[in-house]
Every structure is written in C-alpha cells, then in structure tokens.
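Peer 1: Quick one: sequence plus predicted model below, questions after.
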Amino acid sequence: MSASASSATSTTPKPPVARREEDRYVLVGDAGYADSKGKPLIRQSESSTDALLDPPVKVPDPYGWLRDESREVEEVLTHLRAENSYTEALTSHLGGLRDDLYREMLAGIKETDHTVPTPKGGFLYYSRTFEGKSYKSLCRAPLPPKGGKHAWIEQAKAWDGTKESPILEGEMAYLDVNALAEGKPYCSTGQVRTSPSGKLVGYTVDFSGDEVCSLYVKDIQSGEIVDHDEKLECYGALQWGADDKTLFYLQFDEQKRPFQLYRRIIGSDKPDELLYQDDDELYWVGLSKSFDDRYMFVSSGSKETSEVHFLDLTDPDATLQCVAKRRDKVLYSVRHRAGSWYITTNVGGTPNMRLMMSEAVANSEELWTDMKDHDGNAMFDGGYDRSISGVTSFESHSVATGREGGLPQIWVITYEGAESSEVKDFVQLTFAEDAYDVGLGSNLKCTANEVVIAYDSLVTPLSSISVPLASPTDLSVRTTLKEQEVPGYDKSQYVSERTTVSSRDGSAEIPVSIVARKEVMEKVKAGESVPTHLYGYGSYGSCIEASFRTTRRTLLDRGMVYVIAHVRGGGEMGRQWYEEPNGAKYLCKKNTWNDFVDVAKHVIFDRKMTTPEQLSCEGRSAGGLLIGASINEAPELFKFALMGVPFVDVVCTMIDATIPLTVVEWKEWGNPNELKYHQYMMEYSPINNVREGVKYPTCLLTGGLHDPRVQYWEPAKHAAELRHQASPDSGPVCVKIDMAAGHFSASDRYKYLRELSFDYAFLLDQLGFAGIGK
C-alpha cells in the first residue's frame, strides 16, 4: 500500500500482519451448545417470536483470535503494540505538525476558567479548570445574603483570571478531580451529588475506562472520606435520599448492564438493601430524581419499551410503585410537579413523543391525557412536525425541549398558578441563526423564576443565558451570564450554512451543516475545489448538532470546509428519521450510509466544493460503522477515513450475548441469529463486505483497550481485513489503540487534545496540507 501523501519513500514501514485462520468461524443461529462455563448460549431474547437460523450458518472469523476478554494474552498485546508502533513510525514525520496543532488547540482554550455559578441550597455551585491541570475542580461559595439579581455573576465577571484568585468570595473546592486522578492512567467521575444538607458529597469514579465505578462519600468541610467499600463496584448513577444517610446506586450484571437498585445507609453495618431488579437482558435500569426532590424514579427500558417506578422520599415507609406497567413498544419518561405526572411518551403508536399528564399515582396509565394549551390544542401530539425530548418543571412553569424544522427547540409552558396544571400560555423561544444548538444549562432550583439555557452555533461560541420564565420571549430582559472565551477567535471571519441534499430514493431531504472561513467559501463560489472533511453518526436517534468546536479551527484555518451530514438513523428530523419504515433502524439501516454517500457525492459533483482526492470522512462508535460501510460502498469518493472506536464487526458481535451490551442492542440493529435479520446485516457489516482488489482510502482506526461498548478487537480485526482484501495501491491502514482508555477516549483534557492533534495531523497530511500553516 502507498505511504502517506507527503512521505512516500523506499523506507516506508511495513504494517504488522495478523495471523489469519481461514478455517475459523462463528456459528450464527441455533448453535445448540453451551459457553465455557456450561451455561446455554443466549441466542435471542425471551420475548422474540422470530425464528432462529436452523441449521446454524458459519460466518468466517479469521481474526477471531484477537478477541481476548482478559486483556492479558501476550500474543494479542504484542500485536496491538506492533500496530501502535507501525502507526507511529508511518506518521513520525508529522511530529512537528502535531505539536503545532496541539499548540493551536491549546491557544484557543482559556485553560484557567470556570462555569456559570448556579444557586442551590444556600450555595453557588460551579467548576473550575486550571492551566496545567488535566481535570476540573468542583467548587462552591456561599450565596451572598444581599445584592441584586445575579449579583454573583457580576462578581464572577470581575474575577482577575488567575488560578490563585477565587471566582466568588468564600470559594471552596469540594471535589478536586485532579487529586482523584493522581497516579491513575485514567479518571472519569460518574455522578457527583451533594447531600440534602449540603455537608457531604457522594460521587462515583471510574479509574480504568471500563465504566465500572467505585463509590465514595466525603465530608466537605473536613475532607474526610466517611463512606467507601473497596469491594463495591457499581454503575455511575448515584442519588441521595431524603437525608444525609441514605444513598441509592445501581449494580451491573455480568454483561455490564445496570439491572439492580440498592439503598445504602451510611454508617450502618447492615447489607445494602436490594430494592429493584430487572432480569430481562433487553432492559437497562436508570436512576433519577424529581426536580422538587420528592420522588426517586427508577426507569427500566429497552430501545423500544420502558417502565418507571417511583419512591416517595417524604414517606420513610414508602415502597417502590409503578407509574405505568410496561407495554410493548411504548416508551415513556416521567417528571413531577404539583401533584401531577408529566409524561413524554409514544403511547398510541405516535411517530414522535407526545406530552401527557395525570395525577401522580401508581398505575396511572388509564389517567394519561394530552396536555393542551390555553386554546385547547395538544401542545405535543406526537405528530411528524414537532417532537419533544424532555420536560423540566419549575413551580409555576415547565420548560420543554425537543425539535422542529430539524433543529433543537425550547418551549415555555406557563400555568395559572404554582399548584395549578391549567395552562395559561405556551411559547417557543426563537433564535436568529439558521443553524444552531440550544438546550438547558445548569438549573438546580425548582423554585427559580428563570431558566438558564445554553446556546451556540457553528460560528458562535457557547453562551449561558438566563431567560425569565414570566417573559420568556422578551429579548430585552434576557441576561447573558457567561460567554465562552475563545482567544484569537474572530467570528466575522467564518461563515456557516444549512442546506439539504435529496436522498437517492427520493423519500428524504438530508440536512447538511457547513462551516468554513469566508475566503474559503468565496473560492468555492468561484468554482475552486477545496479540501473538505465530512462528519456523520446516524444511530440511536442521537443528533449531531450544529455546535461550536474551537478545535475545529485547526482545520478551518488551513483552508478546509467542515461538513456535517445529518443522516437518517439520528433524530434530527424527529423519531421518524430514526425508526422504520423510512428512518434507519433494523431493516432500513442502510439508509444511514446511503445518505452519507449521497452527501459526499453532492459536495463533489453537485456543489463542486471538493474532489475525492480532497475529501476526508469521520465517524465514531456507531459512526465508525457508518464510515466503514460508506467506504465499502464508495471507496473512490474518499482520500482518508477516520474511524474512532468503530462498530465494524457487526454480525460476530451481535450474535454473542456474552459480549457486554449485545442483548440490549438487538432492539437497535436486529439479531443476526434470527432469519429475519441475518442476511440484511451480513450485507452491510463492514468487516464482512470489504471488497477484494478494490482501492481503499487511507484509514485510521482507533480504540481503547478497556472499552466495554466497542471492544478493542473490532478495529484491530477490521484493519487486518482491509489490508488483506484491498488492492496494493490502497492507502495505508493504521490502528491506534489507547492501552489505558475505554470508549470515551482520554479523560485527561490535555491528552485528549494530543490525540485529536494526532488524528488531524494524519488527516491534513493525507490531503496534502501537512506543510501548510494557519
């Protein structure tokens, strides 16, 4: 294979050659045998009525030996180290460029900074970062007894910008994550919760990247750890009860699925009490609390069905009760306000979620009614045009978030009074830019008379804005609490655009977001082609928003255009953009990469913005599947493909219920053990569809050794298959495995920037930009 674009020499390093076992395979379907522990293999969910493949089918798995769940087999570790060494050797000439990119990224970040102080229980809570320190420090300060509205914001704005000075008078760091991370290769906090009195802080922390956490309780004033069990491993979710002694947390099963809720009494010698357990492996248990702190909610949901239980924290004798029993393909979530449940749900088979309410009682499903505005119209009826994703209820108002017109939106619901559920007014917030990202900011008090929102766009850095709930549409009374400072950034030098591309089947208009420097887009308008980077995701109904990223400037300032394809499988246009029959789930999943390839063709052939020699592409996790499938379908369109922790070995992974999270994912992709899905999934699984003798673009595949979501062996196996099948004139295939991280890359912010600099340096080199500065 060819060397990188600027470094082809006779001494080009040779990639490691993984041992290929041609007779190795996995059995798909009704295999009829047990695992290594003698336990029968789970081949489908208990609720499935679809037929298994019988007899089972052999699927080749020549690199299956790379799978080592212990992460200790020396042959495997040696191969991964060889992959890392090859990638480093092939890109060693880019060391200077990596350093330049890293310095540019660092220069665009205010290293010593803080978040917006948010009031709760007599304190103002915020976090700080410090130059040279990798992690944040969680802080609080006493709420000033006097002063006008947002007096503390003016005090924070008067801060002198030094690491030594407090943001607010009386500042105390109640959890310094830098101290937690000392001596650890990885450190990521799960949830951090202060106790009802504010005297204690409970937190969960993952020190390996495998998302298994330890639980600690600390006395804020003394700094003493007052509760910790070294043997206790838990999921990241954590909630306090009604007092400083009661904690609730979740436990995993063998497949890393949170499935049990426990109550822990601090200082008690009694075992933690099991309150709830869901043995259905399709269901994932979650934990939350009502905004007014009255109820604990325990959710249990698959990708298509959910159920919520509640515990009244004001009643010490209360037991868990069900809001509404699970019904097949009915999703719902619950919030509480003034004695009523506020429910977002698709009950009735609506294409999008609707907003309903009922009295706050158990088994309330027959009481649910649509919430209506003052004119008697359902505010969110579950139709195609408007979708709701959540609702936050203050004393006299509710704030709904959702989507309309392909963009995130916020609505404010005003009630007749604090104890009333009668709607007085229903308004939508509006924003000037044609593409943006907006959502709720930090809001900790349900009695607040304002809501804090977070707004940014492709060209506008993040702002936290206070919106009075009594006059939400009056722009003159909004207060900007804090704007993201981006050193050296001049918004006027950049331009963004929102457009659409027609899908090949004519059934969809694919939203596309574009950002570039003004002079670059002038070149495009004049008919000149420019290097372009195309990003996509398209799974789980998750949206890739048109948000600001200061690190993106390292590409833009070198003359690149950055394009986001909002392909089907995401939720940008509502749940219909995700669900069957016209979204990209189950047996219409191919729409995801068909859309992506259609956008690539559009920027090349219709807009003439770029050429295949100037086009790179990127996706992460399920987005890595998108890229793997796209370069199989149309390898000739791309020069460089970046696949971060890519889900590319779809069939071999999805048949095997012993791999963490597989069973849960059957409700996303389908189950290749079943006749209904097998052939369709085989037709798109990237590793099973690498085309022999075809020229492929240069590929960089990254992974984390401890990743529980996409196992490290997927990028390793896929790279080996690409090298084996692709033509000799294909670009090089490189693998970079972080031996100390999981799915979410480096937890250290400086290490993360180093990794991103590595990726972008490789990308720029492949597009011929290695020698071009800002």
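Peer 2: Received, thanks.

Peer 1: Now do the buried residues in the helix or strand that Asn178 is a member of.
Peer 2: Assigned by DSSP states H and E, Asn178 belongs to helix 177-181. The neighbour-count check on helix 177-181 (16 or more other Cβ atoms under 10 Å) flags 177-178, 180-181 as buried. (C-beta placed from N, C-alpha, C; glycine too.)

Peer 1: Then stretch 102-116?
Peer 2: Applying 16+ other Cβ under 10 Å to stretch 102-116 flags 102, 104-106, 108-109, 112-116 as buried.

Peer 1: Quickly check these for the two that are furthest apart.
Peer 2: Across the buried residues of stretch 102-116, the longest distance by Cβ to Cβ is 28.0 Å; it joins Tyr102 and Val116.

Peer 1: Okay, helices next: where are they in the stretch 151-300 of the chain?
Peer 2: Taking DSSP state H, counting those that start in this stretch as the test, the helices found in the stretch 151-300 of the chain are 151-157, 177-181.

Peer 1: between these, which gets nearest to Val26?
Peer 2: Here helix 177-181 is closest among these (Cβ to Cβ), at 39.1 Å.

Peer 1: what helices or strands is the closest one leaning on?
Peer 2: Applying 3 or more Cβ pairs under 8 Å, 6 or more residues apart in numbering; DSSP states H and E, we find helix 177-181 packed against strand 137-142.

Peer 1: Output the strand it packs on in CSV with nothing but the alpha carbons.
Peer 2: Provided in CSV are the C-alpha atoms of strand 137-142 (Å, rounded to 0.1, in the frame of the first residue of the first chain):
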residue,chain,number,x,y,z
SER,A,137,-12.2,21.1,40.3
LEU,A,138,-15.8,21.3,41.7
CYS,A,139,-16.3,24.4,43.8
ARG,A,140,-19.0,26.2,45.7
ALA,A,141,-19.3,29.5,47.5
PRO,A,142,-21.9,30.8,50.0
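
Peer 1: what comes into contact with that strand?
Peer 2: Contact with strand 137-142 is made by 114, 117, 122-130, 152, 166-178, 192, 201, as judged by Cβ atoms under 8 Å, 6 or more residues apart in numbering.

Peer 1: change it to 7 Å
Peer 2: Contact with strand 137-142 is made by 122-128, 168-178, 192, as judged by Cβ atoms under 7 Å, 6 or more residues apart in numbering.

Peer 1: Then stretch 410-423?
Peer 2: With Cβ under 7 Å, 6+ apart as the test, stretch 410-423 has contacts from 338, 340, 357, 372-374, 395-401, 424-429, 438, 453, 469, 472.

Peer 1: Now with 8 Å, please.
Peer 2: 337-340, 357, 371-374, 379, 395-402, 424-429, 438-440, 451, 453, 467, 469-470, 472.

Peer 1: Stretch 124-134 too?
Peer 2: By Cβ under 8 Å, 6+ apart, stretch 124-134 touches 111-119, 136-143, 152, 163, 167-168, 173, 178, 181, 194, 442, 444, 747-751.

Peer 1: For it, measure first residue to last.
Peer 2: 23 Å (Cα to Cα, to the nearest Å).

Peer 1: just stretch 225-242 next, same as before
Peer 2: 21 Å.

Peer 1: List the residues that contact Asp54.
Peer 2: So Asp54 contacts 29-30 (Cβ under 8 Å, 6+ apart).

Peer 1: And the residue nearest the centre of this structure?
Peer 2: For the chain, Ser542 is the residue whose C-alpha lies nearest the centre (Cα atoms, centre = their mean; 7.8 Å).

Peer 1: where are the low-confidence patches of this protein?
Peer 2: 1-10, 33-39, 744, 771-774 (pLDDT under 70).

Peer 1: let's go with 80 and repeat that
Peer 2: Applying pLDDT under 80 to the chain flags the ranges 1-11, 32-40, 146-149, 740-746, 770-774.

Peer 1: Tell me where it has helices.
Peer 2: Secondary structure of the chain (DSSP state H): helices at 74-90, 95-107, 151-157, 177-181, 518-525, 553-556, 591-601, 622-633, 650-654, 662-669, 675-684, 713-725, 749-766.

Peer 1: Could I get these in a markdown table, plus columns for distance to Thr246?
Peer 2: As requested, the helices of the chain are exported to a markdown table (distance: least, Cβ to Cβ, whole Å):
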| stretch | distance to Thr246 |
| --- | --- |
| helix 74-90 | 44 |
| helix 95-107 | 43 |
| helix 151-157 | 31 |
| helix 177-181 | 24 |
| helix 518-525 | 57 |
| helix 553-556 | 47 |
| helix 591-601 | 44 |
| helix 622-633 | 38 |
| helix 650-654 | 39 |
| helix 662-669 | 29 |
| helix 675-684 | 44 |
| helix 713-725 | 41 |
| helix 749-766 | 34 |
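
Peer 1: Can you tell me the closest non-neighbouring residue to Arg504?
Peer 2: Asp598 (5.4 Å; Cβ to Cβ, 6 or more residues apart in numbering).

Peer 1: so what's that neighbour up against?
Peer 2: Contacts of Asp598 (Cβ under 8 Å, 6+ apart): 501-504, 510.
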